[in-house]
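J.: give me a model of this one.
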Amino acid sequence: MLDIKKLKEEQLKLAKKIVLTDSFETIHKICGVDYVYTDKDIICAIVVIDYKTLQVIESKYSVEPQTMPYIQGFLSYRIASVTLKTFEKLVNRPDLLMIAGNGIMHPRQIGAASAIGLFIDLPAIGVAKKRLCGEEKDDTIYLGKEVIGKKLETKDKANPIYVSQGHKISLSSTIEITKNMLKGHKLPEPLYFAHRYGNKIKSRLKEGNRNIINQSNN
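T.: Model prediction:
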């Protein structure tokens, strides 16, 4: 059984290590990190693209059994293993991660994007489809008096996305980079590519081609 109290204590300690200022100069490669679920497995899909041209440079994925149920506020514990496993497969190390999940827009300010950024030691942005916590005033999300993220309207007739700092990045850069990656889809391009890639792998898994997939992971 999970010790939620212990996990909360660990999150509070990790949150103190999160850096909320820019720790990069130029972005050449940015990657989208997304997750797709089957009945039993978690698929982590990572797509690295050129920041200027948006051309796909590399795509990798991993599949692992779901060993932990979804518990709100503890997503990082569910996806950390499969994410790190997938990241290790990359030949092209990105300059920045864009992760499907929250950054500091989290009750203890250590959402999945912050945790993964911290573990990998790269700047990270969290992009979520729902607001996990905080109070929404116009397009700004507050936790108490502190700004923890922004709401962005990205496409006509589509629900907004919620963007927050993950690690090693300022709020202004988080918003600027995310907006630069909006090219007509609801999700920023790195996550759009990663989500599409993840669903492609899921479809192949349903067809029973797990062995073929694992042999052609590119």
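J.: helix, strand, or coil at the most centrally placed residue in the chain?
T.: By Cα atoms, centre = their mean, the chain has its centre lying nearest to Ile99, at 1.3 Å. What DSSP: H, G, I helix; E, B strand; the rest coil gives for Ile99 is strand.
J.: could you look up the SS state of the nearest residue to it once chain neighbours are set aside?
T.: Nearest non-adjacent residue to Ile99, counting by Cβ to Cβ, 6 or more residues apart in numbering: Ala113, 4.0 Å away. Glycine gets a C-beta too; all of them are placed from N, C-alpha and C. Put simply, Ala113 is helix when judged by three-state DSSP.
J.: test my guess that Ala113 contacts Ala124.
T.: Yes - with contact defined as Cβ atoms under 8 Å, Ala113 reaches Ala124; the gap is 5.1 Å.
J.: report the set of residues contacting both of these two.
T.: Jointly contacting Ala113 and Ala124 under the rule Cβ atoms under 8 Å, 6 or more residues apart in numbering are Leu97, Ile99, Gly103, Gly166, His167.
J.: could you measure from the residue nearest to Ile99 over to Pro65?
T.: 23 Å (Cβ to Cβ, to the nearest Å).
J.: returning to what we had before: so what's the residue nearest to the centre of the chain up against?
T.: Gly32, Val33, Ala112, Ala113, Ile116, Gly117, Ala124, Ile125, Gly126, Val127, Gly166 are the contacts of Ile99 under Cβ under 8 Å, 6+ apart.
J.: do you know how far it is from Lys17?
T.: 17 Å.
J.: can you check Ala158 too?
T.: On the measure of Cβ to Cβ, Ala158 and Lys17 end up 35 Å apart.
J.: repeat that for Tyr142.
T.: For Tyr142, the distance to Lys17 - Cβ to Cβ - is 23 Å.
J.: ok, these two, which is more surrounded?
T.: Neighbours were counted for Tyr142 and for Lys17 using other Cβ atoms under 10 Å; Tyr142 has more, 13 against 10.
J.: residues contacting Phe119?
T.: Ala80, Leu84 are the contacts of Phe119 under Cβ under 8 Å, 6+ apart.
J.: contact partners of stretch 50-61?
T.: By Cβ under 8 Å, 6+ apart, stretch 50-61 touches 27-30, 43-49, 86, 89-92, 95, 183, 189, 193, 197-198, 201, 217-218.
J.: gap between it and the chain center?
T.: 16 Å (Cα atoms, centre = their mean, to the nearest Å).
J.: state the mean pLDDT of that stretch.
T.: Average pLDDT, stretch 50-61: 98.
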